[in-house]
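Visitor: my questions concern the predicted model and sequence given below.
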Amino acid sequence: MSQFEQFASDNYSGVCPQAWKAMEAANAMPEPAYGEDSWTLRAADSLRALFDADCEVYFVFNGTAANSLALASIGQSFHSVICHELAHIETDECGGPEYASNGSKLLLGEGADGKLTPDSIEHLVTKRTDIHYPKPKALSLTQATEVGTVYTPEELKAIKSVADTHRLNIHMDGARFANAVAALDVHPSEITWKAGVDVLCFSGTKNGLAMGEAVVFFNRALAEDFEWRCKQAGQLASKMRYISAPWCGLLENDVWLENARHANACAERLASGLAGIPGVSLRYPRQANGLFVTMPDSVQEALRARGWRFYNFIGGAARLMCSWATTHERVDQFLADVRELMAQCPADQILRTA
Ligand SMILES: Cc1ncc(COP(=O)(O)O)c(C=O)c1O
Ligand SMILES: C[C@H](O)[C@H](N)C(=O)O
């Protein structure tokens, strides 16, 4: 088992010091349960201040629950949800969104670099309008996307226009929302409620927490009875302060943003280093904290034999994810191994990969 930071997933990282310190502070004395504690109020108020919005805030254990329950709140079982064909809610949540909504159908759209286009949305909404087909009611956007790209404010505005035309509610899977804000260098409101997002699932897990996602309803009407939905789904933490207090550690002094900036910078360091290696290329542009690298299978196998861990089942390439805990030293060690192994790789294997 590796004792070092890996590039398999930002989910491999530990708890950042600020979140850990807040957890210890929350452990100092007993507090009311089920979200009635002072830390949960403090975290929710900090998120309202961050977004400059009077939003409803809920904390659940993980991202699949956050997405599934949020989507179930913005559409009924007889509705459908439009998402990209690479969306996590389609590829990696084991039918959670469909299950939580008692049957909503996911309609899979397309677009370059993992991003839905207005045309793709328009096509999916209008291709079937008869009574026999689940009526599109929700749109799910992943920001940053599953392939490490980000929707610009302009792209979100164009998507919002189509959503308004067809009265679609907008869910944002913000598993890497912090990384998108850092990449775009915008105020968080610019790519959420000001862009028409109704509900954001903001991940703390990938930003330095042990667990804990904030479900942020900018459209408060859609949050009606959400706490009961969470309770029934087993997502109402009795000792919620152990989720919300670390969130306070992230939100105070903008630790969440610094963690994301660091992860993005490490990914850029990795991308820059790989760019100089003949036979290695990126399948998608590096915009946030992830890279999708094309390189010979033999080199990937040799890297794994040296203890490196990374996935191949997302985005059709070797995915390298950086986190708040990634160090320049580990980036440089990985680059040195790739350089050495590529130099030893037979030319025909490199040509086959190109
Ligand atoms: C884009 C995206 N959305 C949602 C999730 C769901 O998170 P979880 O694994 O906590 O259910 C992940 C997982 O890392 C993810 O990568
Ligand atoms: C793919 C896996 O489910 C996780 N969301 C990750 O990005 O590592």
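Guide: It's in. Ligands and ions are numbered 1, 2, ... in the order given.

Visitor: alpha carbons only for contacts and neighbour counts from here, please
Guide: Noted.

Visitor: where does Ala28 land in three-state SS?
Guide: Taken by DSSP: H, G, I helix; E, B strand; the rest coil, the conformation at Ala28 corresponds to coil.

Visitor: one more: the one 3 residues further on?
Guide: Using three-state DSSP, the three-state assignment for Glu31 comes out as coil.

Visitor: the one 4 residues further on now?
Guide: Using three-state DSSP as the criterion, the local structure at Gly35 reads coil.

Visitor: quick check: residues of the stretch 1-150 of the chain near ligand 1?
Guide: By C-alpha under 6 Å from any ligand atom, the residues of the stretch 1-150 of the chain that approach ligand 1 are 62-64, 88, 146.

Visitor: burial of Gln333, as a residue count?
Guide: Around Gln333 there are 12 other residues, counting by other C-alpha atoms under 10 Å.

Visitor: got the buried residues for the helix or strand where it lies?
Guide: Per DSSP states H and E: Gln333 is located in helix 328-344. Neighbour counts using 16 or more other C-alpha atoms under 10 Å place 330-331, 334-335, 337-339, 341-342 of helix 328-344 among the buried residues.

Visitor: could you give the average pLDDT over it?
Guide: Average pLDDT, helix 328-344: 97.

Visitor: that older thread, could you dump the buried residues of helix 328-344 to CSV with distance to ligand 1?
Guide: Formatted as CSV, the buried residues of helix 328-344 follow (distance: C-alpha to the nearest ligand atom, whole Å):
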residue, distance to ligand 1
Arg330, 21
Val331, 21
Phe334, 22
Leu335, 24
Asp337, 26
Val338, 25
Arg339, 28
Leu341, 29
Met342, 29
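
Visitor: now for the residues you listed: which two are most distant?
Guide: Longest distance between any two of the buried residues of helix 328-344 is 18.1 Å, between Arg330 and Met342; criterion C-alpha to C-alpha.

Visitor: so who does the residue in the stretch 101-250 of the chain that ligand 2 sits nearest to touch?
Guide: When scored by C-alpha to the nearest ligand atom, the stretch 101-250 of the chain has Glu146 as its residue closest to ligand 2, at 7.3 Å. Glu146 makes contact with 86-88, 114, 314-315, according to C-alpha atoms under 8 Å, 6 or more residues apart in numbering.

Visitor: Leu107 against Leu124, yeah?
Guide: Yes - contact criterion C-alpha atoms under 8 Å: Leu107 and Leu124 qualify, at 7.0 Å.

Visitor: list residues touching both of these two?
Guide: Ile82.

Visitor: run a quick neighbour tally on Glu301.
Guide: Glu301: 12 neighbours (other C-alpha under 10 Å).

Visitor: need the pLDDT of it.
Guide: So, for Glu301, pLDDT stands at 97.

Visitor: what's the helix or strand for it?
Guide: With DSSP H and E as the criterion, the answer for Glu301 is helix 297-305.

Visitor: skip the chain neighbours and tell me the closest residue to Glu122.
Guide: Val162 (6.7 Å; C-alpha to C-alpha, 6 or more residues apart in numbering).

Visitor: near that neighbour, how many other residues are there?
Guide: 17.

Visitor: rewinding a little: closest to Ser101 among the residues of the stretch 1-150 of the chain next to ligand 1?
Guide: Thr64 (13.1 Å).

Visitor: three-state assignment of the closest one?
Guide: Quick answer, by three-state DSSP: Thr64 is helix.

Visitor: right, and it touches Gly96 too?
Guide: Yes - using C-alpha under 8 Å, Thr64 is in contact with Gly96, at 6.8 Å.

Visitor: how about the helices in the chain?
Guide: Secondary structure of the chain by DSSP state H: the helices cover 17-26, 38-51, 63-73, 88-91, 96-100, 118-126, 153-165, 177-184, 226-232, 241-251, 255-275, 297-305, 328-344, 347-353.

Visitor: and Arg339, how far is that from Pro278?
Guide: 9 Å (C-alpha to C-alpha, to the nearest Å).

Visitor: roughly how far does Arg241 sit from Ala100?
Guide: Taking C-alpha to C-alpha, one finds Arg241 at 25 Å from Ala100.

Visitor: ok, the two, which is more surrounded?
Guide: Shown here are Arg241 and Ala100; by other C-alpha under 10 Å, Arg241 has more neighbours (30 against 20).

Visitor: I'd say the more buried one and Asp37 touch.
Guide: Yes - assessed by C-alpha under 8 Å, Arg241 is found in contact with Asp37 at 6.5 Å.
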